[in-house]
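Asker: sequence first, predicted coordinates after that:
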Amino acid sequence: VTGSGVASPQQYDVEYLTPISVGTPPLVLNLNLDTGSSDLWVFSSELPPSEINGQTVYDPTKSTSAKKLEGATWEIEYGDGSSSEGDVYIDSVAIGDLTVTAQAVQAAKNVSAEFTADTHDDGLLGLAFNTINTVQPTRQKTFYDNAQSILDAPVFTADLKDDAPGHYNFGYIDSSAYTGNISYLPVDSSQGFWMFTSPGYAISKGGYKITEMKGIADTGTTLLLLPTSVVLAYYKQVDGARYEGTQGGYIFACSATLPDFVFAVGNNARITVPGKYINYAPTDSSGTTCFGGIQKDIGIGFSIFGDVALKAAFVVFDGPNQQLGWAAK
Ligand SMILES: O[C@H]1CN[C@@H](c2nc(-c3ccc(C(F)(F)F)cc3)no2)C1
């Protein structure tokens, strides 16, 4: 079995949403597939109405295939401080032609203001390792865990695009979606993430710099968060770029030319993030000053290869072999 879901960018590619069917009759929810977390949670009829603002809600009492997981609760907090919590049902979940009949669907009873404000996002579908699933007293498997045994190949791929729809595919590698070869790196899943080490980088035509960057492939993070030394070297190449504390990052004139950022995948493969992707978005409605798509990974303990980097690549997530594949496209 295989499955494919379109990944549609929201404004400024801040996140990508994919239609997922839940329950019987199937309810289509637009979920944020997040390789940086491992909970599948949805806006639900159990929320206070004040916390719902246009989202489609899952009502387990209306799904003939829903079964409450008695006594199970969950609570999650994301990197930006947003959070949600609730209880758990076992129900059917499908992405395209791929159906998992007994998936833990975490129904939200409360969500933080950021989620209420994100009107198009009906919840998240975690694709990291289940060791960081938050369900108590018994952690639950991810959609990818549950799908693996029926998939043609036990992999999923992310093909996110700049201001255009891309795809998440399950069970196969679409050879028409990338160029050249796929280079595989070992994954350290000990912290529950798709963590890998890039040995070095280059900035546009500048020389290659050997410096280990240990990071995670995180489709749920918008930007590319890197070590301070790398970020300083990058913005040194951008006239007028400066760190603006009130904005919480590096900013520059929107008219600035931004160099490409190249990171190494193993010793002889490279992924080039076009400078255009690093001119992330205007900081205000005047469109004079823009916010950088590369920012410091301070305080996280590792780098985060978020959408700014991932949309420059075709990425293969291979759990059984604990490896990440990277290809240009
Ligand atoms: O936690 C790490 C795991 N992956 C990253 C992630 N962050 C979010 C997120 C989505 C939507 C919102 C909100 F709608 F604005 F509230 C907030 C955070 N989803 O994945 C960070």
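Answerer: Done, it's in. Numbers count the residues shown, from 1 in each chain.
Asker: need the contact list for the closest residue to the ligand within the chain.
Answerer: Using CB to the nearest ligand atom, the single residue of the chain nearest to the ligand is G220, 2.2 Å away. In this view, the C-beta of every residue, glycine as well, is placed from N, C-alpha and C. Applying CB atoms under 8 Å, 6 or more residues apart in numbering to G220 gives the contacts 15, 32-37, 78, 124, 306.
Asker: and if you look at S45?
Answerer: Counted by CB under 8 Å, 6+ apart, S45 has contacts 57-62, 107.
Asker: now do the same for it: its pLDDT.
Answerer: Looking at S45, its pLDDT reads 98.
Asker: which residues in the stretch 201-329 of the chain form helices?
Answerer: All helices of the stretch 201-329 of the chain, identified by DSSP state H, counting those that start in this stretch, fall at 228-235, 275-278, 307-310.
Asker: hey, which of these is tucked in deepest?
Answerer: The highest average neighbour count among the helices of the stretch 201-329 of the chain, using mean count of other CB atoms under 10 Å, belongs to helix 307-310 at a mean of 27.
Asker: now that one: how far from the chain's centre is it?
Answerer: 9 Å (CA atoms, centre = their mean, to the nearest Å).
Asker: doesn't S176 lie inside a strand?
Answerer: No. Counting by DSSP: H, G, I helix; E, B strand; the rest coil, S176 falls outside a strand, being helix.
Asker: ramachandran angles for the residue of the chain closest to the ligand?
Answerer: phi -90, psi -10 (degrees, to the nearest 10).
Asker: what residues does this protein have near the ligand?
Answerer: 15, 32, 34, 36-37, 78-80, 82, 114-115, 118, 121, 124, 218, 220-221 (CB under 6 Å from any ligand atom).
Asker: can you do 8 Å?
Answerer: Within the chain, the residues that sit near the ligand (CB under 8 Å from any ligand atom) are 15, 32, 34-37, 77-80, 82, 111-112, 114-115, 117-118, 121, 124, 128, 218-221, 304, 306.
Asker: so which of those sit within helices?
Answerer: 114-115, 117 (DSSP state H).
Asker: buried among the residues you listed? Make that a ChimeraX selection.
Answerer: Selecting only the buried entries of these in ChimeraX, with 16 or more other CB atoms under 10 Å as the criterion:
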select :115
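Asker: mind putting the ones in helices among the residues of the chain next to the ligand into TSV with distance to G275 and pLDDT?
Answerer: As requested, those are arranged in TSV below (distance: CB to CB, whole Å; pLDDT from 0 to 100):
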residue	distance to G275	pLDDT
E114	29	98
F115	32	98
A117	30	98
